[in-house]
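Colleague: I would like the atomic coordinates for the input below:
(one chain, ligands or ions: 2)
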Amino acid sequence: MSFSRPQDVDDRRACWVCFASEEDDSEASWVQPCRCRGSAKWVHQNCLQRWIDEKQRGNSTTKVSCPQCNTEYIIIFPKLGPLFYILELADRIINRMCPFVAGGIFLGSVYWTAVTYGAVTIMQVLGHKEGLNMMERADPLFLLIGLPTISVFLILGKMVRWEDYILRLWRKHSSKLPLLNYFFPDGVTRPSRIPADTIPLSDPISATRVLCGALILPTVATIFGKLLFGSVQSNFQRTLLGGVAFITMKGVLKIYYKQQQFLRQANRVIHDYKEETQPQQQLQP
Ligand SMILES: [Zn+2]
Ligand SMILES: [Zn+2]
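Modeller: Numbers count the residues shown, from 1 in each chain. Ligands and ions are numbered 1, 2, ... in the order given. A predicted model of the protein is given here:
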């Protein structure tokens with residue numbers, strides 16, 4: 001074959017992938033796919049195909065360029081029947097749509113969960129019969145918008161950190177609040193240092209805590225209402241009173257706990273290290 005015979009020095013073919021020359025394999029088909037000249041000009045068709053496969057990593061639409069001169073390789077596909085192109089288009093459209101459809105399904109199920117939760121909460125707070133009656137009388141559109149907002153408001157309410165606010169006020173004006181100091185005598189002592197603040201609600205665990213705490217509040221309020229205000233006739237009033245009692249009690253405990261944590265951090269002391277006494281001290285309870 002005169003076509004593949006080397007004409008000059010520049011045209012002496014050697015594959016830049018496998019380094020084989022024309023003499024090594026006279027059957028192989030060659031290609032000069034880019035602007036490179038000299039030793040990088042020629043490459044085996046098969047070697048370059050393998051190299052492109054490696055670069056594409058299974059994605060046949062990824063564009064591949066020469067690593068030396070950055071020329072994009074011109075890849076020509078054989079012509080196929082119309083059915084193939086229709087299927088390819090359908091495949092691409094389905095791939096594009098699926099994330100949106102899945103997102104929509106997810107949002108829809110969250111919405112319907114919120115609607116169900118709202119309805120259950122109304123029956124819990126007003127009583128089963130009264131709740132059902134009220135929802136039957138209400139405008140359907142109002143229910144579709146109003147029921148899911150119940151959980152939204154509960155979560156937003158849970159995110160208001162009123163205990164922290166009171167605690168900060170208390171630390172600032174502790175001398176002017178004799179009542180709180182009476183209940184928490186430790187609060188009066190001035191801490192020797194201000195400990196580093198721990199930042200809550202920044203990690204996903206406390207986010208789930210906010211969610212759980214908010215959604216369980218109506219149930220807890222109902223239980224507290226029945227336990228503490230059993231004599232109140234109206235379901236709504238009883239649950240409301242139970243909720244207020246629970247939130248107040250929990251708030252007081254939380255303030256106490258946080259203040260104790262604060263004082264423990266503030267008054268910690270780092271001890272001297274003594275080689276002989278250290279193990280004995282650890283043994284003693
Ligand atoms: Zn080769
Ligand atoms: Zn090149």
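Colleague: Quick check: end-to-end length of stretch 20-28?
Modeller: One end of stretch 20-28 to the other measures 10 Å (C-alpha to C-alpha, to the nearest Å).
Colleague: Return the mean pLDDT over that stretch, rounded to an integer.
Modeller: What stretch 20-28 shows for mean pLDDT is 86.
Colleague: Contact residues of the protein facing ligand 1?
Modeller: C15, V17, C18, H44, C47 (C-beta under 5 Å from the ion). Just so you know, the C-beta spots here come from the backbone N, C-alpha and C atoms, and that holds for glycine as well.
Colleague: Next step: those residues restricted to strands.
Modeller: H44 (DSSP state E).
Colleague: need the residues of the chain next to ligand 1 in a markdown table with neighbour count and distance to ligand 2, can you?
Modeller: Formatted as a markdown table, these follow (neighbours: other C-beta atoms under 10 Å; distance: C-beta to the ion, whole Å):
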| residue | neighbour count | distance to ligand 2 |
| --- | --- | --- |
| C15 | 22 | 13 |
| V17 | 13 | 12 |
| C18 | 15 | 17 |
| H44 | 21 | 15 |
| C47 | 18 | 14 |
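Colleague: Could you dump the residues of the chain next to ligand 1 into TSV with distance to G118 added?
Modeller: As requested, those are exported to TSV (distance: C-beta to C-beta, whole Å):
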residue	distance to G118
C15	70
V17	65
C18	69
H44	68
C47	65
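Colleague: Of the residues of the chain next to ligand 1, just say which sits nearest to W162.
Modeller: Nearest to W162 among these: V17, at 69.8 Å, using C-beta to C-beta.
Colleague: Give the closest residue to the closest one in space, chain neighbours not counted.
Modeller: C47 (3.6 Å; C-beta to C-beta, 6 or more residues apart in numbering).
Colleague: which one is F224 nearest to, not counting chain neighbours?
Modeller: G242 (3.5 Å).
Colleague: Can you pull out the low-pLDDT segments for the stretch 151-285 of the chain?
Modeller: 174-192, 197-205, 276-285 (pLDDT under 70).
Colleague: what ranges do the helices span in it?
Modeller: Under the criterion DSSP state H, counting those that start in this stretch, the stretch 151-285 of the chain carries helices at the ranges 162-172, 178-183, 204-228, 235-266, 277-283.
Colleague: how about stretch 63-70: buried residues?
Modeller: V64, C66 (16 or more other C-beta atoms under 10 Å).
Colleague: what does stretch 42-60 give?
Modeller: Buried, per 16+ other C-beta under 10 Å, within stretch 42-60: W42, V43, H44, C47, L48, W51, I52.
Colleague: re earlier: please list all residues in contact with the residue nearest to F224.
Modeller: V220, A221, T222, I223, F224, G225, K226, L227, L228, F229 (C-beta atoms under 8 Å, 6 or more residues apart in numbering).
Colleague: can you tell me how far the fifth one sits from K172?
Modeller: With the distance defined as C-beta to C-beta, to the nearest Å, F224 ends up 31 Å from K172.
Colleague: Which residue of these two possesses the greater neighbour count?
Modeller: F224 (20 against 10; other C-beta atoms under 10 Å).
Colleague: Wait, that one touches T248, no?
Modeller: No: using C-beta atoms under 8 Å, F224 is not in contact with T248; the gap is 10.3 Å.
Colleague: got a list of what L126 touches?
Modeller: L126 touches M134, N235, F236, counting by C-beta under 8 Å, 6+ apart.
Colleague: And the pLDDT for it?
Modeller: Value for L126, per-residue pLDDT: 88.
Colleague: how near is it to L228?
Modeller: 19 Å.
Colleague: Which helix runs longest in the chain?
Modeller: helix 82-126 (DSSP state H).
Colleague: Can you name the element that comes right after that one?
Modeller: helix 128-137 (DSSP states H and E).
Colleague: Could you tell me how far that following helix lies from the centre of the chain?
Modeller: Relative to its chain's centre, helix 128-137 lies at 37 Å (C-alpha atoms, centre = their mean, to the nearest Å).
Colleague: Kind regards, and thank you for your time.
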